[in-house]
Structure formats: C-alpha cells, structure tokens
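**Student:** Quick one: sequence and predicted model below, then my questions.
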Amino acid sequence: MHLMHLRQRTFALHVIAGLILGLVSIAAAAGQTITKNVFLITADGLRWQEVFRGAEEMPLTKEFGNHGNSNAIRADFGRETPGARREALLPFLWGTVAKQGQLWGNREKGSHARVSNGHNFSYPGYNELLTGIADPKIDSNDKKLNANTNVFEWLHSKPGFGGRVTAALNWDVLAWILNTPRGGFPVWSAWEVPEGTRRLDVPEALTELTERSRTVWANVVLDTFVGYAAKHAVRTIKPRAMYVAFGETDDWAHEGNYERYLRGAREFDRFVGELWALTQSLAEYRGTTTFFVTVDHGRGPAPVAWKNHGKEIAESAYVWFAVIGPDTAPLGERSNTPMVTHAQVAATLAALVGEDFRAAVPSAGPPIAELVQRSNEQQ
Ligand SMILES: [Zn+2]
C-alpha cells in the first residue's frame with residue numbers, strides 16, 4: 001500500500017515535470033520542425049522485455065508455451081547476451097533506430113513508459129494512444145464508435161493533409177476506435193467497417209487473399225496483408241499521416257505460442273524496416289519523415305503471465321516506443337528518462353509535424369518534448 005502511494009506520487013511529479021517541459025518546447029517548436037510526414041506503427045501487445053532483452057530463455061519449453069521446434073527457436077533467437085538476443089529478434093530497431101533515433105521503455109535502465117488508462121487492454125490503449133485521453137468510460141473492446149477526436153482525423157482537417165491521411169488496420173475494432181465515418185479519411189481493413197467509412201483503394205488480389213486467409217482468427221488478420229496495404233498506400237496516395245496497426249504478436253501470445261509470438265515480432269520489425277526504406281527512396285518522404293513505433297499495452301512477466309495482460313496484471317501497463325526521424329536526436333536506447341504515458345503520443349505526433357493538437361483537444365497529454373528537439377538545438 002505504502003509503495004503504491006509513493007509510486008503514484010512520483011508518477012504525478014513526473015507528469016508535472018513533463019508538462020512544463022512539453023509547454024516550453026512546443027512553444028519553441030511550433031511550425032519549426034523538419035518532419036512533414038508522420039507514421040504511427042503499432043504491434044499489439046509486444047512486450048518491452050523482448051524489445052530490450054530479446055527472447056526469454058524460460059518459455060522455450062513446452063510447459064511455458066513453446067509448441068514448436070525448440071532447436072529452430074534457439075537457432076533463430078537464442079544468443080549469449082540480451083544485447084545479441086534483441087538484435088537477432090528486432091534487427092531494424094537495433095540496427096537502425098538505435099543508431100539514428102531513440103528507444104524508450106527499458107525499465108531496467110530507468111526508462112518508464114506506460115498506459116494510464118488503468119485497463120491495460122486494447123480499446124482503452126488504442127484510444128489513449130490515438131486521442132491523447134485516457135478515457136475512464138472506455139472499459140471494453142466492444143464495437144462502439146469512439147466519441148474522442150483522434151490525431152489522424154484532426155490532421156486530416158488541416159491544410160496540406162486533406163486526402164493524405166490513411167490507416168491500415170489488422171483488428172476489426174480499430175475502425176470503431178478511429179471512428180472512421182466521422183474521420184473521413186480512407187482506411188484499409190480486412191473486416192467489416194462502420195457504415196459510412198471510406199475504404200482505401202487496393203489491388204483486387206490483396207482483397208481476395210485477405211478474405212481467404214481468415215482461417216486463423218475471427219477478427220484479426222495476418223500481418224502480412226496489413227504490411228502490403230501500407231506499402232501500397234505509400235506508393236499511391238503518399239500519405240503525410242498514416243497509422244499502421246499490426247497484431248499477430250498479441251494473438252499468438254494469448255494462445256501461449258512463444259515461437260509464433262517471436263516470429264510475429266521479427267516480421268513486424270522487418271516490415272517497419274521495409275517501410276522505412278521505401279519512404280527514404282521517395283522524394284516526398286526522404287529526410288522529412290518520422291516513424292513512431294509502439295504498442296497498445298504490455299504483458300505480464302515470464303514464465304506464465306507473459307501470455308496475458310489487463311487490469312489484474314500491473315506489469316502490463318508498461319510499454320515501449322521507438323522513434324526515428326529528422327527532429328529526433330540520435331540518442332539511441334534511452335536511460336533515466338522522465339515517466340511518460342501513452343496519452344502524450346497523439347500530441348507528440350502532431351508536434352513532430354509542427355502542429356499543436358492540444359489547441360483542439362486541451363485535455364490530451366502534452367507532447368514528449370525530448371522527441372521533438374533536434375531542430376530547436378540547431379537553431
Ligand atoms: Zn491482448
């Protein structure tokens with residue numbers, strides 16, 4: 001009880017400090033960033049533990065969720081040190097983002113990032129991430145149109161962004177979370193969408209393959225189709241603000257299949273690397289694009305609770321994020337950072353493209369100032 005109280009007080013102090021920092025920096029940064037295009041990319045429920053330490057040793061047995069070939073997992077993901085293991089699992093994050101951008105959320109090094117919605121599951125998490133508000137009224141994953149304004153629909157209403165905002169969504173509920181009929185920008189989803197939603201134009205083959213691949217889960221599509229839709233959007237409508245949502249990691253984890261969870265994480269990393277390479281090959285994006293890569297919630301610790309998340313698993317509030325782009329200093333893996341929450345992400349995405357989301361949504365969390373500082377330092 002006492003510990004809890006202390007933690008909450010420390011948390012409040014961090015929030016206040018972050019608020020002041022955020023205000024100072026945003027006043028300085030308004031309209032002065034190099035970033036013209038911003039991508040939010042999520043991997044549902046991928047733990048910070050794997051991101052910073054690589055594959056766990058423990059679950060690589062049948063009892064702890066390995067249904068596959070232990071030798072293959074060990075060959076692909078097992079290494080002597082946590083540093084080598086994380087590079088084997090997430091080569092783009094550790095080979096490129098760690099050198100050119102920043103990674104936050106390694107709790108072993110005093111970097112704490114968390115959701116503040118108290119639920120630690122998907123709808124509350126995505127809502128907090130996309131709208132900047134940890135809304136106590138959102139307490140289920142039901143398909144209810146979200147009353148809160150998200151940063152993508154807000155950017156869509158800004159000059160220069162109209163027609164250049166889109167999303168590729170793996171999970172059926174995300175279209176409701178984004179309130180796509182109200183947002184008005186086109187989205188790709190493998191599933192039924194709320195009436196009035198605009199759909200992204202994609203090749204017929206993608207639609208057919210997606211529909212025929214719904215044999216694994218009833219409301220989550222395989223990530224490969226999401227990745228293809230996202231690349232297609234970049235090649236065709238050249239979005240300036242895009243949200244790409246992947247989700248195999250969460251579903252394999254709920255099934256207790258650690259091997260597939262790891263393989264899902266590695267494919268996710270490969271996709272982020274490919275999308276980054278694609279953007280850097282195009283004049284519209286080269287040198288003016290920022291990626292913000294994160295999750296909607298964490299999970300419990302190994303060897304058993306890693307499969308799940310939620311209110312009853314306190315550890316699952318902790319998340320991580322990786323940012324790469326021209327306004328984010330290349331500080332790599334961060335340590336001893338101020339406590340940040342996912343309610344700060346929406347305003348951070350806006351600040352990266354020189355916009356002030358809190359002018360429209362004052363109750364949204366403040367931007368994470370340390371991610372939007374390189375251009376200030378240069379001036
Ligand atoms: Zn989940």
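**Tutor:** Cool, the structure landed.
**Student:** Just the strands from the chain, written as ranges.
**Tutor:** Secondary structure of the chain (DSSP state E): strands located at 37-43, 102-104, 113-114, 165-169, 187-189, 241-246, 289-294, 318-319, 321-324, 332-333, 340-341.
**Student:** packing partners for the last one?
**Tutor:** Looking back up the chat, that one is strand 340-341. Packed against strand 340-341 by the contact rule (3 or more CB pairs under 8 Å, 6 or more residues apart in numbering; DSSP states H and E) you find helix 2-29, strand 113-114. C-beta here means a position set from N, CA and C on the backbone, and glycine is covered the same way.
**Student:** on that earlier part again, between the strands of the chain, which gets nearest to Val353?
**Tutor:** Closest approach to Val353 among the strands of the chain (CB to CB): strand 37-43, 5.3 Å.
**Student:** how far does that closest one sit from the chain's center?
**Tutor:** In terms of CA atoms, centre = their mean, to the nearest Å, the centre of strand 37-43 is set 6 Å apart from its chain centre.
**Student:** Looking at the strands of the chain, which is nearest to the ion?
**Tutor:** In this view, the strands of the chain are compared for proximity to the ion by CB to the ion, and strand 37-43 is the closest at 11.6 Å.
**Student:** coming back round to it: any idea which of the helices and strands packed on strand 340-341 has the lowest pLDDT on average?
**Tutor:** Sorting the helices and strands packed on strand 340-341 by mean pLDDT places helix 2-29 lowest, at a mean of 47.
**Student:** and the protein, which of its residues are near the ion?
**Tutor:** By CB under 5 Å from the ion, the residues of the chain that approach the ion are Gly45, Asp250.
**Student:** The same query, at a cut-off of 8 Å, please.
**Tutor:** The chain comes close to the ion at residues Asp44, Gly45, Phe121, Ser122, Asp250, Asp251, Ala253, His254, His297, Arg299, Asn308, His309, as judged by CB under 8 Å from the ion.
**Student:** In a markdown table, list those along with neighbour count and pLDDT.
**Tutor:** Shown next, in a markdown table, are the residues of the chain next to the ion (neighbours: other CB atoms under 10 Å; pLDDT from 0 to 100):
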| residue | neighbour count | pLDDT |
| --- | --- | --- |
| Asp44 | 26 | 98 |
| Gly45 | 28 | 98 |
| Phe121 | 22 | 95 |
| Ser122 | 23 | 97 |
| Asp250 | 25 | 98 |
| Asp251 | 21 | 97 |
| Ala253 | 27 | 96 |
| His254 | 15 | 95 |
| His297 | 29 | 98 |
| Arg299 | 28 | 98 |
| Asn308 | 17 | 96 |
| His309 | 28 | 97 |
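**Student:** on that earlier part again, would you mind giving the strands of the chain as TSV with mean neighbour count added?
**Tutor:** Formatted as TSV, these follow (neighbours: other CB atoms under 10 Å):
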stretch	mean neighbour count
strand 37-43	26
strand 102-104	24
strand 113-114	25
strand 165-169	27
strand 187-189	25
strand 241-246	28
strand 289-294	24
strand 318-319	24
strand 321-324	25
strand 332-333	17
strand 340-341	27
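**Student:** Switch the ones you listed over to TSV; also include distance to Gly95.
**Tutor:** Shown next, in TSV, are the strands of the chain (distance: least, CB to CB, whole Å):
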stretch	distance to Gly95
strand 37-43	17
strand 102-104	12
strand 113-114	22
strand 165-169	24
strand 187-189	28
strand 241-246	19
strand 289-294	14
strand 318-319	22
strand 321-324	12
strand 332-333	12
strand 340-341	25
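**Student:** So the closest residue to Ala72 other than its chain neighbours versus Thr224, what's the distance?
**Tutor:** Once flanking residues are discounted, Ala72 sits nearest to Glu259: 7.6 Å by CB to CB, 6 or more residues apart in numbering. Distance, Glu259 to Thr224, by CB to CB, to the nearest Å: 17 Å.
**Student:** what residues are up against whichever residue of the chain sits closest to the ion?
**Tutor:** Closest approach of the chain to the ion (CB to the ion) occurs at Asp250, with a separation of 4.1 Å. Listed by CB atoms under 8 Å, 6 or more residues apart in numbering, the contact partners of Asp250 are Asp44, Gly45, Leu46, Ser122, Val220.
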